[in-house]
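K.L.:
let's see this in three dimensions:
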Amino acid sequence: MGPAPSLPDRIYACVTVRRQPIGVVVQVRYDEAPLGVRLHSGARDAAVRLLMSRSDGEVLERTRSCRFGLADLPIAQALAEELRHRLLQIARRPLSGRQVEQVLRINSEERRQWTREGRLPARGQSRMRRGPNKITLRTYDPELIEALADTPCEIARWRGAGQRAP
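P.N.:
Modelled structure (predicted):
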């Protein structure tokens, strides 16, 4: 088994351009999409709808695709590249602590402890206001979290190490 496909390669595979007898179809599929694209579904869906609606093609909402005439192949390819670029930006957006807990099936105390210990490195911080209060939340790298989610034995090992501590 070779190395895992890179993030741009995975995004490239999500957006296809196919020639058909009736025209050219640009389609977006999320079944093999990176974790960041799947979790940030609101931003993803809004970006796809916006870019497709701005194109000169016929938008087919149900299949997340856009159909062009055969002569419009360059326009279809440009749309596909725009979609890939935008989905890559979305895929790289950091994850919140709650999203990490959901994906890894851990509780908030485990996440905080493992972050303090350096096992679960934070990527950065997100700041927000709640009334007069300023809240700072840690954020996490979606690629790292996806890799951890693919190795549940690592999480089990971390849990086991925590239980043996005095």
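K.L.:
would you map the strands across this protein?
P.N.:
15-20, 23-28, 58-60, 65-68, 95-96, 122-130, 133-140 (DSSP state E).
K.L.:
show me what the fifth one is in contact with.
P.N.:
Read that as strand 95-96. With CB atoms under 8 Å, 6 or more residues apart in numbering as the test, strand 95-96 has contacts from Leu35, Gly36, Leu39, Val103, Ser126, Leu137, Thr139, Tyr140, Asp141, Pro142, Ile145. The way it works is simple: take the backbone N, C-alpha and C, and place the C-beta from them, glycine included.
K.L.:
thinking again about what came up before, worst mean pLDDT among the strands of the chain?
P.N.:
Looking at those, the lowest mean pLDDT belongs to strand 122-130 (a mean of 87).
K.L.:
quick revisit: switch the strands of the chain over to TSV; also include mean neighbour count and distance to Ala149.
P.N.:
As requested, these are arranged in TSV below (neighbours: other CB atoms under 10 Å; distance: least, CB to CB, whole Å):
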stretch	mean neighbour count	distance to Ala149
strand 15-20	14	23
strand 23-28	21	23
strand 58-60	15	32
strand 65-68	21	29
strand 95-96	19	11
strand 122-130	11	16
strand 133-140	13	12
